[in-house]
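Undergrad: okay, predicted coordinates and the sequence, questions at the end:
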Amino acid sequence: MLFNSLQFAIFLPIVFALYWFVTNKRLYLQNALLLISSYFFYACWDWRFMFLLMFSTLLDYFTGLEMQHAKNLQVKKFWFWLSIIVNLGFLGIFKYYNFFTESFASAMSSIGWQVNPLMIKVILPVGISFYTFHGLSYVIDIYKDRIKAEQSFVDYAVFVSFFPLLVAGPIERATHLLPQIKKQRIFDYKKSVDGLRQILWGLFKKIVIADNCAEFANQIFNNSTEMSGSTLFLGAIFFTFQIYGDFSGYSDIALGTARLFGIELLRNFSYPYFSRDIAEFWRRWHISLSSWFKDYLYIPLGGSSGGNWMRIRNTFIIFIVSGFWHGANWTFITWGALNALFIMPAIIMKTNRNYIDIVAKGRQWPSIKEFSQIIITFLLTVFAWIFFRAESIHHATNYISGIFSSSILSIPQFEETKQAYITLALIGIFVLIEWFGREEQYAIAKLGHNWKRSLRYAFYYAIIITIFTKIFLFSGQDQQFIYFQF
Amino acid sequence: MKKFILKTLVFLSPIPLAFILGILLPTTPRASKSLLMASIGKNSLLQNTPSPRIIFVGGSNLCFGLDSKTIKDSLKLNPINTAIHALIGIKYMIDNTSEYIQKGDIVILVPEYGHYYRGLDAGSEELMRTVFDVDFMNIKHLNLPQLSNIVPFLPKYILTKFKISEYHNFKDSDIYSVNSFNQYGDTYTHLEKEQEHFDPYSTIGGEFNDDVVRYFEKFQIELNKKGASLYVSFPCYQEASYNNSIIQIRKVQEELRKSKLQIIGSAEKYKMPDSLLYNTPYHLNKKGIEYRTMMMIEDIKKAQNNKK
């Protein structure tokens, strides 16, 4: 069930009505409803994978309890490693097995040994990387005595499988979400309106920005050998906005939906394309994953405590692992490594925390210096996204050499030129709205609060009409959210 | 809570209201020039053409593939070419024609190959527009599954009602227009035009649908009761497209031969080289129309002689 589908438009009001009218003020019933709805939501993709989710949930729930009640460290360690191995084992089998066996076979063939590895034909269970990381953080936190094991299975299961975050995050922490699940929720009018507004903005990002950009990005990346340098450059720009609109749009819908149920999820995006350096970009892009890697990988590896060499090594490790988390392909690993390279000057010179606040805070426009920094950072991310989107390293390198050819100065060519320019204009409007709303959690959170109600409503209707127009007049097929594949 | 729900409903209410308004607004000038509008004229032909009559039912392979005047001269029958667009669905075409059948009518049913591999109740934008743009009373020919299958096409339809380009400065197609048909229901505006580039159709997808053949048999019984007769034939089809779906086409032929239907011609016979085609694997040019019409006349004569 996609967030941008008719099924979800029917599902959400039904669950909302049951939640606040039928199970209201009875916390255990509300949580049971959330759990059933979440399993139903997940089963709509493929009911068979529900058993994997249930198994993973049961494993971590019992592991948590066993660790808490362990009589000695050895028993605790046993349960801890059991959970880690099984969770990562599932992830490894479903997501990485074929990659490793293929890479092994290809390495062997390069030294003259022909190996025919056994490949498995399974579909990657949707959201496996996300709920596995939920479970892992929970188990690690208990092992490190940061939290107590959850006693209620239903509450724990809601933490893992709460439907707004189940398939593409944000990756929640037990310390943040579980207390909210255990606390009585009271309907809050302002928060609910805010939730709806964030859903609307998320839908706009996904349907209008990402799906429009996807059409051109796919067209250009799939036929890159026939395209001019300028078209290839615009193809990379289209993908840059596609992935941002897609993933941050999903996160907005997830956060807005959760807010309708009185639950605040972790923020996942904070205007990353307005970053002044790559370090800032990574504090603003997929925040829940970056902070997960920081807390559960970077710091356990020694973080920055061991001097420059350790900082460099650990930074490379987390970026490469982050790339690998996105998919079993050398393109993702290269994308991660490239980002590590981009961030390296700031790591070495210890300037990686220079920009904490949003750019031009309290001002309308950035200074020339800030503007140049934003453009340079943006272009570096565009460059790295080429590897992320390409089918192979060879494809990416050819794509890049295509950009830096003499045809970079030619007029870009598209199959549907008018539609391409409309999409570029939409990107321009979108960037402006994001810019003016950059001090809020999402761009239209406060936009129009001082306007007359009629004007504000007209603005919201304009967004709705644009969404409907895109869905019903210009769309081909429903576009999946990119991050579902991770 | 009540305030939230009430305000949300009030805020969202313009959306369903706009939808209702979109349905109620009259057919746009662009849509009123469309090919589908020809069904009004074709129904009028079905109603007013005197006997003896020969009625052709099928997709655009018929309207872009027959010379009814030659058929009239050769068979001494008054032809009515009811074909407009394959996506209207073969069930709708049959149900719509059925109501106008008179004693002595000869009905030549020429479904396109895709019809045998689609659900009888499949919906399409063309079917939806045949109801909402052409004549709402056409809804009587739709069963419940067909109705539910055209619903997904409604939002787009409604939004087009609010598009300025539907009312002003639209370019009317001279090929796919209500004005593209002659007095028998054949398209004629493309006859002097150059052939256009097109790619062959890929393999027909899906499973063969037995219900389609059963529905034809039911139609045959109904026609026989009215004193009319039914012949099922094969569409003209580009050779390359034919080869891409040869297994599926053979299956069609095999199932038709096994049925109680009277079949005329063969799939192989109506396979067309590119030189006889106009702009799709189903649409013929002037030479193709002449050739196909002669073959059709030959097959009909043969079938009538066999009957005697």
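TA: Happy to help now that I have it. Residues are numbered from 1 along each chain as shown, chains lettered A, B, ... in the order given.

Undergrad: need the helix or strand of chain A with the lowest average pLDDT.
TA: Within chain A, no helix or strand scores below helix A:97-110, which has a mean of 79 by mean pLDDT, DSSP states H and E.

Undergrad: mind saving the C-alpha coords of that helix as PDB?
TA: What follows is the C-alpha trace of helix A:97-110 in PDB, where atoms were taken according to Å, rounded to 0.1, in the frame of the first residue of the first chain:
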ATOM      1  CA  TYR A  97      23.800 -13.000  -0.700                       C
ATOM      2  CA  ASN A  98      23.700 -12.700  -4.500                       C
ATOM      3  CA  PHE A  99      26.000  -9.700  -4.500                       C
ATOM      4  CA  PHE A 100      28.700 -11.500  -2.500                       C
ATOM      5  CA  THR A 101      28.400 -14.800  -4.400                       C
ATOM      6  CA  GLU A 102      28.500 -12.900  -7.800                       C
ATOM      7  CA  SER A 103      31.400 -10.800  -6.700                       C
ATOM      8  CA  PHE A 104      33.200 -13.900  -5.500                       C
ATOM      9  CA  ALA A 105      32.600 -15.800  -8.700                       C
ATOM     10  CA  SER A 106      33.800 -12.800 -10.800                       C
ATOM     11  CA  ALA A 107      36.900 -12.400  -8.600                       C
ATOM     12  CA  MET A 108      37.700 -16.100  -9.100                       C
ATOM     13  CA  SER A 109      37.100 -16.000 -12.800                       C
ATOM     14  CA  SER A 110      39.600 -13.100 -13.000                       C
END
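
Undergrad: report pLDDT for B:Lys286.
TA: With respect to pLDDT, B:Lys286 scores 94.

Undergrad: now A:Ser407
TA: Per-residue pLDDT puts A:Ser407 at 86.

Undergrad: phi, psi for it please.
TA: The phi and psi torsions at A:Ser407 (degrees, to the nearest 10) take the values phi -80, psi 10.

Undergrad: measure it to chain B for me?
TA: Per CB to the nearest CB, to the nearest Å, A:Ser407 is found 27 Å from chain B. C-beta here means a position set from N, CA and C on the backbone, and glycine is covered the same way.

Undergrad: what do you get for A:Gly229?
TA: Look at A:Gly229 and chain B: by CB to the nearest CB, they are 29 Å apart.

Undergrad: residues in contact with that residue?
TA: A:Gly229 makes contact with A:402-410 under the criterion CB atoms under 8 Å, 6 or more residues apart in numbering or on different chains.

Undergrad: of those residues, buried ones?
TA: Buried residues within those, counting neighbours by 16 or more other CB atoms under 10 Å in any protein chain shown: A:402-403, A:407.

Undergrad: picking up where we left off before, following the least confident helix or strand of chain A, which helix or strand shows up next?
TA: Reading on from helix A:97-110 to the C-terminus, the next helix or strand found by DSSP states H and E is helix A:128-143.

Undergrad: identify the residues contacting the helix or strand that that following helix is followed by?
TA: Read in the C-terminal direction, the helix or strand following helix A:128-143 is helix A:153-161, with elements assigned using DSSP H and E. Residues from elsewhere that reach helix A:153-161, judged by CB under 8 Å, 6+ apart: A:28, A:31-32, A:34-35, A:38-39, A:42, A:53, A:56-58, A:60-61, A:64, A:131, A:134-135, A:138, A:150, A:172, A:174, A:177-178, A:181-182.

Undergrad: go again with 6 Å.
TA: Contacts with helix A:153-161, where a contact means CB atoms under 6 Å, 6 or more residues apart in numbering or on different chains, come from A:31-32, A:34-35, A:38, A:57, A:61, A:131, A:134, A:150, A:177-178, A:181-182.

Undergrad: of the residues you listed, select the buried ones using a ChimeraX command.
TA: Only the buried members of the contacts of helix A:153-161 enter the following ChimeraX selection, criterion being 16+ other CB under 10 Å:
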select /A:31,32,34,35,38,57,61,131,134,150,177,178,181
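
Undergrad: any low-confidence regions in the chain?
TA: Let's take chain A. Confidence mapping of chain A against pLDDT under 70 gives the ranges A:473-486.

Undergrad: oops, chain B please
TA: If you take pLDDT under 70 as the line, chain B has these spans: B:308.

Undergrad: that one: helices as residue ranges?
TA: Applying DSSP state H to chain B gives helices spanning B:2-12, B:14-24, B:29-32, B:38-48, B:60-63, B:68-75, B:90-98, B:125-129, B:144-150, B:154-160, B:210-225, B:239-244, B:246-258, B:286-307.
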